[in-house]
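[1] Pasted the sequence and its predicted model underneath.
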Amino acid sequence: MLPVIWAIFAVLAVGGFLMIAAYWLDVQDRADLSVRGRIAWSAAAFVFPLAIPVYAFAGGAGWPPFLRAASIVPLLAVALFLGFVFGAFS
């Protein structure tokens, strides 16, 4: 079962990096955000597992349903990583 979990983790990690890039580029491209808003949402990238879903669902991003669902990918990747660190999978 461990190889399957590793494969899922690898896919989620790559998807998480793509979502971080999509999030940051979307924040920088929004004309309705003030400079202060862009700086705040950009700084929130440091807590990306929480910031990206908040931005997608409540931040007024206007993302389509697929991207809103994909915004949870970084959170799942971090959860699997912590599972590996703490020995939840054997």
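    Good, I have the coordinates.
[2] longest single helix anywhere in the protein?
    helix 2-29 (DSSP state H).
[3] Any buried residues in it, and which?
    Phe9, Leu12, Ala13, Gly16, Met19, Ile20, Ala22, Tyr23, Trp24, Asp26, Val27 (16 or more other Cβ atoms under 10 Å). Every C-beta, even on glycine, is put in place using the N, C-alpha and C of the backbone.
[4] With stretch 70-79 instead?
    Those would be Ala70, Ser71, Ile72, Val73, Pro74, Leu75, Leu76, Ala77, Val78, for stretch 70-79 by 16+ other Cβ under 10 Å.
[5] Out of those, name the ones that lie in helices.
    Those of these lying in helices (DSSP H): Ala70, Val73, Pro74, Leu75, Leu76, Ala77, Val78.
[6] dump the residue contacts of the third one.
    The neighbourhood of Pro74, defined by Cβ atoms under 8 Å, 6 or more residues apart in numbering, consists of Leu12, Gly15, Gly16, Met19, Ile20, Phe48, Pro49, Ile52.
[7] about what we covered before: after the longest helix of the chain, which helix or strand is next? Please name it.
    Following helix 2-29 in sequence order, the next helix or strand is helix 35-43 (DSSP states H and E).
[8] For the residue most central in space within the chain, which non-adjacent residue is spatially closest?
    Centroid-nearest residue in the chain: Pro74, 3.8 Å away (criterion: Cα atoms, centre = their mean). Distances taken as Cβ to Cβ, 6 or more residues apart in numbering place Gly16 nearest to Pro74, at 3.7 Å, with adjacent residues excluded.
[9] just Ser90 next, same as before
    In space, and not counting its chain neighbours, Ser90 is closest to Leu2: 6.9 Å by Cβ to Cβ, 6+ apart.
[10] Quick check: the gap between the one you found and Ser42.
    37 Å (Cβ to Cβ, to the nearest Å).
[11] Please apply the same query to Arg30.
    11 Å.
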